[in-house]
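**Q** got a sequence here, can you model it:
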Amino acid sequence: MPQSTPESAAERLAAINDRIARAARRIGAGKAPDLVAVSKTFDPEAIVPLLEVGHRVFGENRVQEAQVKWPALKAQYPDIMLHFIGPLQTNKARDAVALFDCIESVDREKLARVLSEEMQRQGRRLPCFVQVNIGAEPQKAGIAVAETKDFVARCRTVHGLEVVGLMCIPPAELPAGPFFAQLAALAEQAGVQKLSMGMSADFETAVLMGATQVRVGSALFGER
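**A** Below is the predicted model of the structure:
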C-alpha cells in the first residue's frame with residue numbers, strides 16, 4: 001500500500017465522516033456517531049497523518065502491539081482517546097488499563113472482576129462496553145444475548161464498572177441490519193446509551209440503526 005500523506009488521510013477521513021453524517025441526517029439524529037479509526041497492524045507513519053488533520057479516536061485489538069506505538073503518540077497528542085476493541089486476556093488487563101482510555105470488549109465475569117481491580121489499583125475509571133455475541137457464533141467472543149441485561153447489571157453493581165454501552169460484530173455472511181437493530185433493543189433493555197457497531201463494510205447501516213460510534217479501519221487506512 002502506498003504511504004499515506006496528510007492530504008490523502010484528510011480526504012479519506014472527510015469522505016467517511018461525510019457518509020456518517022449523511023446517514024445520521026436520514027434518521028434525524030442530532031449528532032453524528034463518533035468514528036473510531038481502527039489502526040491495528042498499521043504503524044505510526046500511517047497514523048500520524050490522521051492525527052495531523054485532527055482525528056483523535058483510535059482503536060486497537062492487541063495490547064502488546066499498542067504498547068509499541070501509542071505511548072509516544074499519546075505523549076505528542078495528549079488528547080488521543082484510545083479504545084481497546086479486541087478480545088482481552090485477563091493477564092493483559094493491567095497493561096490495558098494503563099494504556100487505553102476505553103475498553104469495548106468486556107465479555108465475561110472474570111474479566112469484569114479483574115478490570116475492576118486494576119482500575120482501582122491504578123486510580124483509573126475507564127468507560128466500558130459489554131461485547132455481545134449477537135450472532136451466537138462459537139468462534140467469536142461476547143456475552144450471550146439472553147445474558148446481556150443481567151451481565152451489564154452485575155458489571156455495574158458487583159464490579160463497579162462504568163458500563164456505557166454495548167458492542168457487537170455481526171456475522172459476516174448475513175445482512176447486518178437485523179443484528180444492529182437487536183443490539184439497539186438490548187441496549188434499551190440493559191439501560192445503556194451507547195452502541196459501538198458497524199465497520200468498514202456496514203457502518204452506514206449501523207448509523208441508521210442507532211450506532212453512537214462506528215469502528216472503521218480498511219476504508220480509512222486501506223487494506224491490511
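
**Q** low-confidence ranges, the protein, go.
**A** 1-7 (pLDDT under 70).

**Q** in it, which spans are helices?
**A** Listed in chain order, the helices of the chain (DSSP state H) span residues 6-26, 44-52, 63-76, 93-99, 109-122, 148-157, 177-190, 203-208, 218-221.

**Q** reformat those as a markdown table; add mean neighbour count and distance to C168.
**A** Placement of C-beta: from N, CA and C, glycine included. Compiled in a markdown table, these are given as follows (neighbours: other C-beta atoms under 10 Å; distance: least, C-beta to C-beta, whole Å):
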| stretch | mean neighbour count | distance to C168 |
| --- | --- | --- |
| helix 6-26 | 15 | 18 |
| helix 44-52 | 17 | 25 |
| helix 63-76 | 15 | 21 |
| helix 93-99 | 18 | 20 |
| helix 109-122 | 17 | 17 |
| helix 148-157 | 18 | 10 |
| helix 177-190 | 18 | 5 |
| helix 203-208 | 23 | 10 |
| helix 218-221 | 18 | 19 |
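
**Q** of those, which is nearest G86?
**A** Distances from G86 to each of those were compared by C-beta to C-beta, and the smallest falls on helix 63-76, at 8.5 Å.

**Q** give me every residue that touches L51.
**A** Shown in contact with L51 (C-beta atoms under 8 Å, 6 or more residues apart in numbering): 73, 76-77, 80.

**Q** 6 Å instead, please
**A** When contacts are counted by C-beta atoms under 6 Å, 6 or more residues apart in numbering, L51 is found next to Y77.
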